[in-house]
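Undergrad: Here is my input; please provide its structure:
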Amino acid sequence: MMNRKIDDFFQGSTQVNGEIFASVLEEVEKVGVGNLLKEDAGFLGRFLVRLRQAGAAKLLNEDPGAAEKLADLLWEGVKVRAESSPGLKSALQKAERKMRVNVEAADSPFRCHFVVEGGRIEGASGLLHFKDEDFRFMGPTETLLELLTWDLAMGFSNLRLQTAGHSGWVSRVSPVVRELGKFLKGASSEGEKIGSGI
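TA: Numbers count the residues shown, from 1 in each chain. Now for the predicted structure:
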């Protein structure tokens, strides 16, 4: 299912610029993120890690449209495959109330949001209106991608990561973000320890 352009991106065989990255995103869209996740459950996690290695903020600034497409593909993949992750499914079902979270990069156009409600998670590019958000993550693009894959040393206390919202939301949001990170990396069970704790 993987094609040459996506393989080359992962292998780092060519220098990646904004134009090349945009074309890789087009290939992911063409093949279908759901199909790629069926073949490789950790596809999205590996994709975000490779993007960090290639210089995420620089690439997304070179082609601002790529940031929106990246966010939409990311959340499309989560929506398609979230049911297959016992850990993420459990964290979503345990959420006591509706949760609306914005994610905003300080150094690139990368912005997205997600909403947890009724045991489900849905997200997309762009930010919810500030009046509608319960919690917000802000920081360098690199830091936010580390957060999404739960590679963030020290968890939410990392000094490069900023948050906005009542402190009580941290205990509600953190289990979902932690399990989301495991899901993106392809973890098949809650018992797999991937990334850092809080």
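Undergrad: Give me the contacts around the lowest-mean-pLDDT helix or strand in the chain.
TA: When the helices and strands of the chain are scored by mean pLDDT, DSSP states H and E, helix 4-11 comes last with a mean of 88. The contact list for helix 4-11 (C-beta atoms under 8 Å, 6 or more residues apart in numbering) reads 14, 16, 20-21, 23-24, 27-28, 31, 36, 46-47, 50, 54. (Each C-beta comes from the backbone N, C-alpha and C, glycine too.)
Undergrad: Now, of those residues, which are buried?
TA: 16, 20, 21, 24, 27, 28, 31, 36, 47, 50, 54 (16 or more other C-beta atoms under 10 Å).
Undergrad: JSON lines for the residues you listed, including pLDDT, secondary structure and distance to residue 90?
TA: Listed next are those as JSON lines, based on pLDDT from 0 to 100; DSSP: H, G, I helix; E, B strand; the rest coil; distance: C-beta to C-beta, whole Å:
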{"residue": "16", "pLDDT": "88", "secondary structure": "coil", "distance to residue 90": "36"}
{"residue": "20", "pLDDT": "90", "secondary structure": "helix", "distance to residue 90": "39"}
{"residue": "21", "pLDDT": "94", "secondary structure": "helix", "distance to residue 90": "34"}
{"residue": "24", "pLDDT": "94", "secondary structure": "helix", "distance to residue 90": "33"}
{"residue": "27", "pLDDT": "95", "secondary structure": "helix", "distance to residue 90": "33"}
{"residue": "28", "pLDDT": "96", "secondary structure": "helix", "distance to residue 90": "28"}
{"residue": "31", "pLDDT": "94", "secondary structure": "helix", "distance to residue 90": "30"}
{"residue": "36", "pLDDT": "93", "secondary structure": "helix", "distance to residue 90": "25"}
{"residue": "47", "pLDDT": "96", "secondary structure": "helix", "distance to residue 90": "25"}
{"residue": "50", "pLDDT": "94", "secondary structure": "helix", "distance to residue 90": "29"}
{"residue": "54", "pLDDT": "93", "secondary structure": "helix", "distance to residue 90": "33"}
